[in-house]
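> got a structure for you, letters missing:
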């Protein structure tokens with residue numbers, strides 16, 4: 001009789017664990033939305049572009065002057081633009097140091113914990129290392145970067 005109870009409890013615990021996992025997966029899918037990814041990517045890119053300009057010694061570059069925006073899509077037209085995955089593609093548009101509009105495709109790996117890794121075209125953002133104003137090679141903050149978004153906004 002004890003063995004039967006143990007099996008029933010085990011089945012009940014397994015069902016409860018599955019329900020918790022399903023709820024967590026649904027919650028994380030709902031937390032990762034196109035709006036959240038776009039908003040975070042644009043702001044993070046702008047901040048890092050300002051850092052890159054400072055490293056290169058380019059004066060007068062500000063977040064507001066860059067006016068970065070992002071338009072994202074996950075997995076093409078047949079996939080909803082929600083949920084974590086390595087199939088997010090975003091077009092980032094901004095004004096460079098010459099006030100010219102630039103647009104580049106960024107590939108994102110968005111995770112269920114509201115973070116992402118983004119990489120853009122080196123033709124637009126530069127190589128993995130750049131030479132600072134003193135002649136040293138340093139990591140390029142815009143080449144590939146991590147970002148996060150608030151899952152409650």
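Perfect, I can see it now. Because the structure is a prediction, the values reported are computed rather than measured.

> Show me the shaky parts of the protein.
Judged against pLDDT under 70, the low-scoring parts of the chain cover residues 1-29.

> Ignoring the adjacent residues along the chain, who's closest to the spatially most central residue of it?
Of all residues in the chain, the one closest to the mean position by C-alpha atoms, centre = their mean is residue 116, 3.4 Å from it. Distance criterion C-beta to C-beta, 6 or more residues apart in numbering; nearest residue to residue 116, sequence neighbours excluded, is residue 110 at 4.4 Å. The way it works is simple: take the backbone N, C-alpha and C, and place the C-beta from them, glycine included.

> List the contacts of that neighbour.
Under the criterion of C-beta atoms under 8 Å, 6 or more residues apart in numbering, the contact partners of residue 110 comprise 32, 37, 74, 83, 84, 85, 86, 88, 116.

> again, but for residue 101
93, 94, 95.

> So what pairs up with it in the strands?
With DSSP bridges applied, residue 101 shows beta-bridge pairing to residue 95.

> tell me the strands in this structure, going along the chain?
Residue ranges of the strands in the chain, as given by DSSP state E, are 69-74, 85-95, 101-110, 115-119, 129-131, 137-139, 144-148.

> Report the buried residues of the longest one.
What that stands for is strand 85-95. Within strand 85-95, the residues that qualify as buried are 85, 88, 90, 92, 94, 95, counting by 16 or more other C-beta atoms under 10 Å.

> again with stretch 43-51
In terms of neighbour count (16+ other C-beta under 10 Å), stretch 43-51 has its buried residues at 44, 45, 46, 47, 48, 49, 50.

> Residue 80 contacts residue 88, correct?
No - here residue 80 does not reach residue 88: they are 11.9 Å apart, not a contact under C-beta atoms under 8 Å.

> what do those two both touch?
residue 74.

> can you pull out the helices in this structure?
Counting by DSSP state H, one finds helices in the chain at the ranges 2-31, 34-56, 63-66, 122-125.
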